[in-house]
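[1] Need a 3D model of the sequence below.
(2 chains)
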2 protein chains.
Amino acid sequence: MQNKRYTKKPVRNASHRGADKPVNTNNNPSSNAQSVPASKSQNLRIIPLGGLGEFGKNMMLLEYQNQILIIDAGFRMPDEDMPGIDYLISNTSYLKGKEKNIVGAIITHGHYDHFGAIPYTWPRIGNPRTFAGKLAASIIMKRQEEFPDHPKLDITQIGHGSKIKLGVFKIEFFRQNHSTPDNFGLFIETPVGNILHTSDFKFDAAPVNDKPTDFNFLEQLAKRGILLMMCDSTGSESEGHSLSEKTIYESLEKIFQEASGRIISSTFASHLNRIQQLISLAEKYNRKVAIAGRSLETNLEIARNLKYLTMKKGTLVKARDISKYPDNQVSFICTGAQGEERATFMRIATGEYRHFNLKRGDSIVFSSSVIPGNERSVQVLKDGFYRQGAKVYHYQMMDIHTSGHAYQEEISKMTKIMKPKFLLPLHGQYSMLVKTAELAREAGVSPNNIKVIENGQVLNINANRTLIEEKTVPVNYIMVDGLGVGDVGEVVLRDRQNLSQDGMFVIVAVIDRQAGKVKGSPDIISRGFVYLRESQELLRETRKRVIGIINKSSKENTLNPTYIKDELRNKIGDFLFSKTKRRPIILPVIIEV
Amino acid sequence: MQNKRYTKKPVRNASHRGADKPVNTNNNPSSNAQSVPASKSQNLRIIPLGGLGEFGKNMMLLEYQNQILIIDAGFRMPDEDMPGIDYLISNTSYLKGKEKNIVGAIITHGHYDHFGAIPYTWPRIGNPRTFAGKLAASIIMKRQEEFPDHPKLDITQIGHGSKIKLGVFKIEFFRQNHSTPDNFGLFIETPVGNILHTSDFKFDAAPVNDKPTDFNFLEQLAKRGILLMMCDSTGSESEGHSLSEKTIYESLEKIFQEASGRIISSTFASHLNRIQQLISLAEKYNRKVAIAGRSLETNLEIARNLKYLTMKKGTLVKARDISKYPDNQVSFICTGAQGEERATFMRIATGEYRHFNLKRGDSIVFSSSVIPGNERSVQVLKDGFYRQGAKVYHYQMMDIHTSGHAYQEEISKMTKIMKPKFLLPLHGQYSMLVKTAELAREAGVSPNNIKVIENGQVLNINANRTLIEEKTVPVNYIMVDGLGVGDVGEVVLRDRQNLSQDGMFVIVAVIDRQAGKVKGSPDIISRGFVYLRESQELLRETRKRVIGIINKSSKENTLNPTYIKDELRNKIGDFLFSKTKRRPIILPVIIEV
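    Model (predicted):
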């Protein structure tokens, strides 16, 4: 398909940046390893800080002597039991005090699970110089505008074929098919041998906006000898081979051929290749394109400016102008296919979108998979569209979405091409890492040479090229909430969870110190517990008990606010539980006058 | 398989209960309808209160003149954005003032989505007499023990072939295969024609603890003419035919044949047929059975007592005694396959179960599907088991679970057998109702005679046997939280959501009325916002501003607590947002002394 815009010439402006002399390409992977004495400090340490045993927040360190290379720095979305949290990022306390050792950071591609932690992490680790493809670099810079106070990023663009030297690490970039253009695998020469990092990848014989996988090129890399392959595991539980984007295009085209009304599609804002397909099809079938969703608009603009995405002049129209065109000349693209509450797709599903309402005959296209955990909200979307009489197409009905990640056949094939001595599964839940290990075994890697480890577990390759598991480094996640990075901890989170279960109940009592008695009627403030207006009887009884508890305890003792507060917490807590079977957080305030 | 315990003789103790004379079985469905004048009051109204457009809380009313028949009264689990809520039940305000019109209630089978609302709803609608199979009746009575203050339920047992007359409704019960024994479809003669209610159902040629589907019997019912079929839609989005339980048994048997260590299985506590399979296999392969999980223990006990489930003497051992047996003689069954946090399965996955720890070589069996929305917590389980080196079997890898609900072929077949004039899809998300309607069209029902409606939309069949959509009745759900039924409304829920996002911030200021000034330092109590110990600077600055705001406003005006509170909410809210980008709920308390 439309590959004309692919930058055929590799971007070379970063070649051998930081190298004192030309890289001496080492065709024998064992030669330099054998020349190094086997002291511990001359081991290569592989330190995964994120992405192993989870989806997202990918971050890997390679450390040799005093030199540290960072590969990726992503974030991930919080778990369901982390209310109010925006993102999770990797704990980088291992790098504390070692900022000067960081020789550089590589971002493999422009997806948030690979670069999203930069604004939160870079200021803490000395703002390391960063290397990324043209598209990723632009997306990172655009995002950084949201953090005007941060030091300027030092980003250098790389491309397919670029070679850079960062300390002892000699890195060559090679393109890998994925759901976005400009995604790069890494071939890294280290003093102990060559490392191949797949980045996220799939094999595609007919991709969109990209060249087909160049197996010849991969085999050339393999010939130089791979000591360790670090392999994307996201798709390892899917059998067979991922679909080619060409298949997706053909399925989508059927919808465009048949649709008599408007076509409203939703996909991931990061899936630039799918967006290109939807735009190309709209142009082919004489439809205008309107888009909605800030992340989508930003990505589209960046990709158009860099010519990673093409759209004819006049194709794009404003969402608010959609009604000016006949239905069969409208194609609408938005985000929100995961059922996000405030996204355009949900507003269309519930009939609350301001620019148009659905009509019978409109077609809805879910060109995306369902991220685990979102099934229920996606069902809400689907039901909303059906209620309004739209035709609904989703990936379980037609091949209108495929993964950007290698399935089992592709992982096997990559392993067989690279023939690594060691294999380390990356990127994915633990069960996926286990499955990648199994595939690697079947593909011929010795079982002892495959390590299923998780974040913080350190591997150590010594000069004899043996793999040792080392003690761990800290890797608990860091929660980002608004401006706070790491200030929300377990205590705050537990309070949020408890508050959300049964609400809270503040008791404010003024005590006359001299009389040792409650003055007036205690104030009660409660939220999320019961509907107060309909619980007057309960409140009256509670106030009576508060007064009783305080007066009794101040009669028996000298006025002891700590004791009184404990009494109130326990006794009022029990009383409310007996009446409601709920346990709000009780917060007593005692004011002495 | 082991069907010996199935009660072959229909339970007859309820036949024609309430009938003054024997039911005159009407072989011509149109005869009595045509003899009735077509006045509105002689229409049959079909009033779905729950289960149409959702999973769970199934509840249907049939109303003819002043007589109301209730079919099922289930609950469903709350949505993700309803923290603290235990269950959702149907709004039965339509029945208010009509309690005496209720001729009876039928519970089709002993699953919570069909009977779970009884304790909350029955006291409000006059504790109607209730009809259920032996197993369902026992489960309902057992549950009722948790509500000792409630009036005693009036339950009559029915069985396959039972006939009862409740007012104008003549009901015949026929067994339907499902995931529990003792599940009954309903053939209901009404003055306007015959209604067939499928209950939850599947067709199974080789079920467990049950007879195969008796198509001959279904055809005999069909011959009497079906005016309206109400059809289970839960499985309508699954292609083909659901697997037979025999297939599941064979797959499970492979695991038992191969396992050298312990076998730890999890399934739904309500899936009595699957539990029987796991017990039978354990006995066949010489393993003891230990079970864990209160709902599982209760169901097992009831089903054993009623002989709906067989287990040899000596098979059952205590969970705490498991270590006394060789690994290959242990089979453990528990609940929690949805990743519920406190269930045994999760504790085994995280290594926190008190009675044993997993070993390499143990086999884990997920004999259950994943309920939409639980995918993420199920992944946590799987990863936990893999981490401990267990073999994990789940239904995507092997046929070790199938649905208890009809798939597309079965829905089509049922429709073709019954040849109803009208069809109403029941039980399922809106998209599933739509799919059932499509299947019914393909099976020959006239498109105009298929109604996809949702809870509260009323259908009206008049004496001319035409179907009219009527105005709706109220059907917003009712939230059950602890002892409260319906006392948590949108306000309380919104507060819980807000509290969970950014927590709360109480400001207590004592004002000296005469001086018009703050006395001492304001108290601040906050939960779920920031970690207070590390935010001393923020608190200091906040207190200073609180004093400033109060002193300023009391200097400008006479002391106005409402105004001061508004000022504090707005200004302190903005200040905290500027510092943290979080918006805790601000609760000012002003005390004048």
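
[2] what ranges do the helices span in the stretch 1-150 of chain A?
    Remark: helices assigned in the stretch 1-150 of chain A by DSSP state H, counting those that start in this stretch are A:31-34, A:112-115, A:118-121, A:134-144.

[3] how about the CA coordinates for whatever helix or strand comes next after the longest one, as CSV?
    Moving toward the C-terminus from helix A:134-144, the first helix or strand encountered (DSSP states H and E) is strand A:155-158. Included here for strand A:155-158 are C-alpha records, laid out as CSV according to Å, rounded to 0.1, in the frame of the first residue of the first chain:
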residue,chain,number,x,y,z
ILE,A,155,17.4,14.8,21.8
THR,A,156,19.2,13.5,18.7
GLN,A,157,17.4,11.9,15.8
ILE,A,158,18.4,8.5,14.6
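
[4] which strands and helices sit next to strand A:155-158?
    strand A:130-133, helix A:134-144 (3 or more C-beta pairs under 8 Å, 6 or more residues apart in numbering or on different chains; DSSP states H and E). C-beta: built from backbone N, CA, C; applies to glycine.

[5] re the thing from before, out of the helices of the stretch 1-150 of chain A, which gets nearest to residue B:524?
    helix A:118-121 (27.6 Å; C-beta to C-beta).

[6] Restricting to C-alpha, output that closest one in PDB.
    C-alpha atoms of helix A:118-121 as PDB (Å, rounded to 0.1, in the frame of the first residue of the first chain):
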ATOM      1  CA  ILE A 118      10.600  11.100  30.400                       C
ATOM      2  CA  PRO A 119       9.000  14.300  31.900                       C
ATOM      3  CA  TYR A 120       8.900  12.800  35.300                       C
ATOM      4  CA  THR A 121      12.200  10.800  35.300                       C
END
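
[7] Show the secondary-structure elements that that helix is packed against.
    strand A:87-89, helix A:134-144.

[8] In the helix or strand harbouring residue A:300, which residues are buried?
    Counting by DSSP H and E, the element that carries residue A:300 is helix A:294-305. Across helix A:294-305, burial judged by 16 or more other C-beta atoms under 10 Å in any protein chain shown covers A:296, A:299, A:300, A:302, A:303.

[9] now do stretch A:206-218
    For stretch A:206-218, by 16+ other C-beta under 10 Å, it's A:207, A:208, A:209, A:210, A:213, A:218.

[10] State the distance from the first one to chain B.
    Relative to chain B, residue A:207 is positioned 28 Å away (criterion: C-beta to the nearest C-beta, to the nearest Å).

[11] among the helices and strands packed on strand A:155-158, which is the most enclosed?
    Highest mean neighbour count of the helices and strands packed on strand A:155-158: strand A:130-133, a mean of 27 (counted as mean count of other C-beta atoms under 10 Å in any protein chain shown).

[12] what about stretch A:245-253, average pLDDT?
    In this model, stretch A:245-253 has a mean pLDDT of 93.

[13] Other residues contacting it?
    Residues outside stretch A:245-253 that contact it (C-beta atoms under 8 Å, 6 or more residues apart in numbering or on different chains): A:1, A:204-208, A:273-274, A:277-278, A:280-281, A:284, A:365, A:367, A:398-402.

[14] Put the buried members of those residues into a PyMOL selection.
    A single PyMOL command selects the buried members of the contacts of stretch A:245-253 (16+ other C-beta under 10 Å):
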select buried, chain A and resi 1+204+207+208+273+274+277+278+280+281+365+367+398+400+401+402
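
[15] so of the contacts of stretch A:245-253, which ones are in helices?
    Residues from the contacts of stretch A:245-253 lying in helices, with DSSP state H as the criterion: A:273, A:274, A:277, A:278, A:280, A:281, A:284.

[16] dump the residue contacts of the closest residue to residue A:336 other than its chain neighbours.
    Computed as C-beta to C-beta, 6 or more residues apart in numbering or on different chains, the closest residue to residue A:336 that is not its neighbour in sequence is residue A:343, at 2.6 Å. By C-beta under 8 Å, 6+ apart, the residues touching residue A:343 are A:293, A:334, A:335, A:336.

[17] Relative to chain B, which residue of the stretch 151-300 of chain A is the closest?
    Ranking the residues of the stretch 151-300 of chain A by distance to chain B (C-beta to the nearest C-beta) places residue A:237 first, at 8.1 Å.

[18] So what does that residue look like in phi/psi?
    phi -90, psi 0 (degrees, to the nearest 10).

[19] That one against residue A:431, yeah?
    Yes: in terms of C-beta atoms under 8 Å, residue A:237 counts as a neighbour of residue A:431; the distance is 6.8 Å.

[20] Quick one, grab the pLDDT at residue A:360.
    Model confidence at residue A:360 (pLDDT) stands at 91.

[21] Now do the contacts for it.
    Residue A:360 touches A:261, A:388, A:389, A:390, counting by C-beta under 8 Å, 6+ apart.

[22] pretty sure the second one is touching residue A:351, no?
    This points to residue A:388. Yes: proximity of residue A:388 to residue A:351 meets the contact threshold set by C-beta under 8 Å, at 6.7 Å.

[23] Strands along the stretch 301-450 of chain A, start to end?
    A:330-334, A:363-366, A:391-393, A:422-426 (DSSP state E, counting those that start in this stretch).

[24] Quick one: closest of these to residue A:509.
    That would be strand A:330-334 among the strands of the stretch 301-450 of chain A, by C-beta to C-beta, at 53.4 Å.

[25] Neighbouring strands of that closest one in the sheet, and parallel or not?
    strand A:263-266 (parallel), strand A:288-292 (parallel) (DSSP bridges).

[26] Now do it against helix A:294-305: the angle between them, please.
    110 degrees (axes from the mean of the first three to the mean of the last three C-alpha atoms, to 10 degrees).

[27] Need the CA coordinates for strand A:330-334. CSV is fine.
    Coordinates of each C-alpha in strand A:330-334 appear next as CSV, following Å, rounded to 0.1, in the frame of the first residue of the first chain:
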residue,chain,number,x,y,z
VAL,A,330,-18.4,11.5,5.6
SER,A,331,-15.7,9.5,7.5
PHE,A,332,-15.2,10.4,11.1
ILE,A,333,-12.2,9.2,13.1
CYS,A,334,-12.0,9.5,16.9
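
[28] Need the residues that contact that strand.
    Under C-beta under 8 Å, 6+ apart, the answer for strand A:330-334 is A:256, A:262-267, A:275, A:278-279, A:281-282, A:285, A:287-293, A:296, A:319, A:322, A:343-345, A:348.

[29] same question for that strand, mean pLDDT?
    In the prediction, strand A:330-334 has an average pLDDT of 97.

[30] any idea how far that strand is from the chain center?
    25 Å (C-alpha atoms, centre = their mean, to the nearest Å).

[31] before we move on, the earlier item: could you dump the helix holding residue A:300 to CSV, C-alpha only?
    What follows is helix A:294-305, C-alpha atoms only, in CSV (Å, rounded to 0.1, in the frame of the first residue of the first chain):
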residue,chain,number,x,y,z
ARG,A,294,-6.7,15.8,21.3
SER,A,295,-4.1,13.0,21.2
LEU,A,296,-5.3,12.0,17.7
GLU,A,297,-5.2,15.6,16.4
THR,A,298,-1.7,16.1,17.9
ASN,A,299,-0.3,12.9,16.4
LEU,A,300,-1.9,13.5,13.1
GLU,A,301,-0.4,17.0,12.9
ILE,A,302,3.1,15.8,13.8
ALA,A,303,3.0,12.8,11.4
ARG,A,304,1.7,15.0,8.5
ASN,A,305,4.3,17.6,9.1
